[in-house]
Structure formats: structure tokens, C-alpha cells
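Trainee: Here is a sequence together with a model predicted from it:
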Amino acid sequence: MLIYGAGVIGCEYASIFRGMDVKVDLINTRDRLLAFLDQEMSDSLSYHFWNSGVVIRHNEEYEKIEGCDDGVIMHLKSGKN
């Protein structure tokens with residue numbers, strides 16, 4: 001599952017779906033999760049996600065989204081898919 005936006009709701013959905021054993025990629029447009037938290041809390045959340053298998057991509061923005069036979073492909077401005 002691809003979740004675009006790593007605010008409170010995006011992080012909540014990432015946690016819920018990863019808990020159901022769904023592969024999750026979390027796209028964050030900022031340099032860290034939930035920047036309103038102190039650095040230690042944000043780092044702890046990032047570590048928890050990493051440890052559970054959530055892939056977090058910081059400082060990314062989408063360029064376009066394409067449909068394909070088995071889902072979608074999100075092209076990021078950094079050139080990654």
C-alpha cells in the first residue's frame with residue numbers, strides 16, 4: 001500500500017495496515033515524521049515504523065501517478081518510483 005502524506009492520519013493508516021501485514025510505503029514531503037513532536041519522539045516513531053517494515057521516503061513529492069494492470073505507479077520528483 002502506498003500512503004502519500006505522513007501526518008497524523010497517514011502515520012495512523014501506515015500503522016494499522018502494517019499491523020495487518022500489508023506492505024506499506026509512506027511518502028513524506030518533509031524531512032521527518034510529525035515535525036510538531038520533539039525530535040526524540042519523531043525519531044522513535046520512525047524507528048518503530050522501520051523496525052516493523054514500513055518504508056518511509058522523506059523529502060519526496062509526487063510528479064504523476066499512472067495506472068497499470070496490477071495497481072498504480074507513483075513517479076516522484078526525485079526520479080524514484
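Mentor: Sure, I can see it.
Trainee: all contacts plus neighbour counts: C-alpha atoms, from now on.
Mentor: Will do.
Trainee: helix/strand/coil for the residue sitting nearest the centre point of the chain?
Mentor: The centroid of the chain falls nearest to L26 when counting by Cα atoms, centre = their mean (1.0 Å). Following DSSP: H, G, I helix; E, B strand; the rest coil, L26 is assigned to strand.
Trainee: List the beta-bridge partners for it.
Mentor: For L26, the beta-bridge partners under DSSP bridges are I3, I56.
Trainee: got the contact list for it?
Mentor: Each residue near L26 by Cα atoms under 8 Å, 6 or more residues apart in numbering is listed here: 2-6, 10-11, 14, 54-57.
Trainee: Repeat the analysis, applying 10 Å as the threshold.
Mentor: 1-6, 10-11, 13-14, 49, 54-58 (Cα atoms under 10 Å, 6 or more residues apart in numbering).
Trainee: what's the neighbour count on the residue lying closest to S46 once chain neighbours are set aside?
Mentor: Leaving aside its chain neighbours, S46 sits nearest to L33 (6.8 Å; criterion: Cα to Cα, 6 or more residues apart in numbering). The local packing of L33 (other Cα atoms under 10 Å) involves 24 other residues.
Trainee: Where does L33 sit: helix, strand or coil?
Mentor: Strictly by three-state DSSP, L33 counts as coil.
Trainee: Who does G67 form a beta bridge with?
Mentor: For G67, the beta-bridge partners under DSSP bridges are V72.
Trainee: Am I right that it is in contact with H75?
Mentor: No. Counting by Cα atoms under 10 Å, G67 stays clear of H75, with 11.2 Å between them.
Trainee: Between these two, which is the more surrounded one?
Mentor: Legend: neighbour count by other Cα under 10 Å for G67 and H75, higher for H75 (15 against 9).
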